[in-house]
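Q: give me the fold of what follows.
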Amino acid sequence: MSSSIAPRIDVISDAICPWCYIGKRQLERALALLAEKGLRFDVAWHPFQLNPDMPAEGWDRKEYRIQKFGSWEKSQAMDARITETAAGIGLEFHLDRLTRTPNTVNAHRAIWLAGQHGVQDAVLEALFKLYFVEGGDLGDVALLTETAVAAGLDRDALVAMYEGDEGRDVVLRGDAAARQGGISGVPSFLMGGYLLFSGALPAEQMAEAFAQAWQVLSTRAA
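A: Take a look at the predicted model:
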């Protein structure tokens, strides 16, 4: 690989996006396929808010989804389809355990800080599991703290961040930049600043897209 371009995949996502968790699993499988061919990539996760106008305290999930989708029955049908899709790649969703739709800025701050400490993947995985499997409230700073620390993030650094505003501007700017760049849905996958695709594609398709993109970028840098 050329050393002039960082071999990195950038993923724009939200911690409450079910397709982002599904996409993470497909990405992991894609990276394993690429590794078999001698291609290895770093991965960095970046913020996007599905509900940028969500109050800081969040919203009762049933009430919010009725307003957003028109009926609770439609919401439940969507949850059932997502749960079935997740099960097909080994994820056990329990969306019935969710009671609140949170504001995700503080979750994104934890994910950002985890990136600074080299434990972003583990923290992101823990937050996805907390929300989609355990039904935890990602707006609860105490719960976010315990979950992220258990996943390997330094407690003192995390507590200090939440006691101030560190990371908030980073998250909000990242969210705004994604929208200004034309991102309207997540997960979205980029390489070298170029949007490759959006959505939780099957691992084989992801691997092919990443390999082709890297070949093009490497040729341009040569």
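Q: doesn't residue 170 fall inside a strand?
A: No. Using DSSP: H, G, I helix; E, B strand; the rest coil, the assignment for residue 170 is helix, not a strand.
Q: got a list of what it touches?
A: 47, 109, 112 (C-beta atoms under 8 Å, 6 or more residues apart in numbering). C-betas here are computed from N, CA, C, even on glycine.
Q: closest one of those to residue 219?
A: residue 47 (31.2 Å; C-beta to C-beta).
Q: could you list the low-pLDDT ranges of the protein?
A: 1-6, 222 (pLDDT under 70).
Q: show me where it has strands.
A: Under the criterion DSSP state E, the chain contains strands at 8-13, 42-47, 59-60, 100-101, 188-191, 194-198.
Q: please, where are all the helices along the protein?
A: 18-36, 61-69, 72-87, 105-116, 120-132, 141-150, 155-163, 168-180, 203-221 (DSSP state H).
Q: mind checking which of those is nearest residue 191?
A: Among those, helix 203-221 comes nearest to residue 191, with 4.6 Å by C-beta to C-beta.
Q: so which elements touch the closest one?
A: Contact partners of helix 203-221 among helices and strands, from 3 or more C-beta pairs under 8 Å, 6 or more residues apart in numbering; DSSP states H and E: helix 18-36, strand 188-191, strand 194-198.
Q: relative to strand 8-13, how tilted is it?
A: Angle of helix 203-221 versus strand 8-13, following axes from the mean of the first three to the mean of the last three C-alpha atoms, to 10 degrees, is 130 degrees.
Q: between helix 203-221 and helix 18-36, how many degrees?
A: Using the same axes, to 10 degrees: helix 203-221 against helix 18-36 is 60 degrees.
Q: so what's the residue count around the residue lying closest to residue 56 once chain neighbours are set aside?
A: Leaving aside its chain neighbours, residue 56 sits nearest to residue 103 (5.2 Å; criterion: C-beta to C-beta, 6 or more residues apart in numbering). Residues within reach of residue 103, counting by other C-beta atoms under 10 Å, total 21.
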